Structures are given as structure tokens and as C-alpha cells.
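> No sequence on hand, only this structure:
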């Protein structure tokens, strides 16, 4: 998830108060990710035990309502992807999140950004599993998790350090990188949204007609 986070990070690095806003963005990621992990470490059984049977049942034998919800979600992703593909932002507009956002909004965006993709963070779950298997105390488990999260955001911290060391000399470099990732990142996002939306819709229709999934 860090490579994905580098895209908004570069946009923040090319804006006003670059160091302060970028640091707030990193803190938002760290706090949200750490809190997510702590909740699982301290209450993994209470959280996962009721969910796993239901999730397995939905994967293997969804009812009509659940299939309909999947198709609707797929259509929403398709529409959103097509609308995003039709946007032609100007150069200044592409950098608006970095130019207009302050530390508080950057912190909030970092937290939401990380939590939105946390369920797909397979290495994080593997780390949590190792901590649980180590059978350490709750305090030690939380400290290990915080250490993992600190290592996790190190690449982003390195960008901030580079900005501090290079000063204004880094402005043009971060601006060019931000423009590049903003342009190509949008195209990648469009492709992912459209493909995922089509897959959900087609799979849902296949469930309704053939009573089987294309995904499993």
C-alpha cells in the first residue's frame, strides 16, 4: 500500500507547507493503521469468529439480494470509472489537493486512505498472525505492532527528510513527480474501476443464471 500512498504524498510535497502537511498525512496513515491492528490483536477472536462463517456462506452460496447488491456495486464502479475517465483536469486542478489541503485535512485523508485498503493488506495480517502466535503479553503485542507500523511508513518519512535536506531545490522535482503520478495514476484508477465493475456485474449475472461464480 505504500507505493499507492506515494502518489498523494508527492502531491502534498509539491504544495504549500510541504513538510508539515506531508508529515500530517504520514501520521494519519500511522495512527489509522496502528489502531486497526491493535483492534485485531486485542480482539481478533471476537471480531473474526462471527464474521468468517457468514463470509464463507456468502462466497459459496449467496442469496438473490446479496447477488443484486454485488451487481449494483459493479454498476456503481463502472459509472464512477467512466466519469473519472471523462475528466480532463487542468494542470493546476490536478495539484489542488496539495495546494489547498492543510495538516488536518491531510491527516484525515491519510487515515481514510489507509483504512479503505486495510482489509487487503495481506502482509499486515501476516505480521499480526506472527504476533499472536508468539503468545506475548498485550502490551508487548501492541509495542511490536507500533514498531511494524513505524517501519511501514519509513519510505514516506524518507521523502520528508529529503525535502528538508534539499529545501527549495526539491520543489521542481516533487512537482514534476506529482504531475506524472497524478496523470498516470488517474488512468490506472480508471482501468481498475472499470475492470472490477465489469467483473462484479458479469459474475453476478453468472450466479443468477448458472448458480455458480466465475471468481471461485
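It's in. As the structure is a computational prediction, the values presented were derived from the model and not from experiment.
> State whether residue 22 and residue 107 are indeed in contact, as I suppose.
No: here residue 22 lies out of contact with residue 107, judged by C-beta atoms under 8 Å, at a distance of 10.8 Å. Where C-beta positions appear, they are placed from N, C-alpha and C, glycine not excepted.
> Compare those two and say which is more crowded by neighbours.
The neighbour count for residue 22 versus residue 107, taken as other C-beta atoms under 10 Å, is higher for residue 22 (28 against 21).
> Which helix or strand lies directly C-terminal to the helix or strand containing residue 141?
Using DSSP states H and E, residue 141 sits within helix 138-152. With elements assigned by DSSP H and E, the helix or strand that comes after helix 138-152 is helix 154-166.
> residues making contact with that following helix?
Counting by C-beta atoms under 8 Å, 6 or more residues apart in numbering, helix 154-166 makes contact with 2, 5-6, 9-10, 13, 18-19, 22-23, 25-26, 29, 170, 173-174, all of which sit outside it.
> what about that helix, distance to the chain center?
Helix 154-166 sits 21 Å away from the centroid of its parent chain (C-alpha atoms, centre = their mean, to the nearest Å).
> and it, which residues are buried?
156, 159-160, 163 (16 or more other C-beta atoms under 10 Å).
> host element of residue 136?
With DSSP H and E as criterion, residue 136 is part of no helix or strand.
> now it: how far from residue 41?
In this view, residue 136 and residue 41 are 10 Å apart by C-beta to C-beta, to the nearest Å.
> Same drill for these two, tell me which one is more crowded.
A direct count of neighbours by other C-beta under 10 Å for residue 136 and residue 41 places residue 41 higher, at 18 against 14.
> for this protein, what spans make up the helices?
Remark: helices assigned in the chain by DSSP state H are 2-13, 18-60, 64-85, 91-94, 96-100, 103-117, 122-133, 138-152, 154-166, 171-210.
> mean confidence score for the longest one?
Summarised as a single mean, pLDDT over helix 18-60 is 78.
> So which elements touch it?
For helix 18-60, the packing partners by 3 or more C-beta pairs under 8 Å, 6 or more residues apart in numbering; DSSP states H and E come out as helix 2-13, helix 103-117, helix 122-133, helix 138-152, helix 154-166.
> What angle do helix 2-13 and that helix make with each other?
150 degrees (axes from the mean of the first three to the mean of the last three C-alpha atoms, to 10 degrees).
> Helix 18-60 to helix 122-133, inter-axis angle?
Going by the same axes, to 10 degrees, helix 18-60 makes 80 degrees with helix 122-133.
> so helix 18-60 versus helix 103-117, what angle?
Using the same axes, to 10 degrees: helix 18-60 against helix 103-117 is 20 degrees.
> Against residue 74, how distant is residue 81?
11 Å.
> Return every residue with contacts to both of the two.
With C-beta under 8 Å, 6+ apart, residue 81 and residue 74 have common neighbours residue 197.
> which residue packs closest to residue 22, ignoring adjacent ones?
In this structure, residue 22 finds its nearest non-sequential neighbour in residue 12, 4.6 Å apart by C-beta to C-beta, 6 or more residues apart in numbering.
> Many thanks, have a good one.
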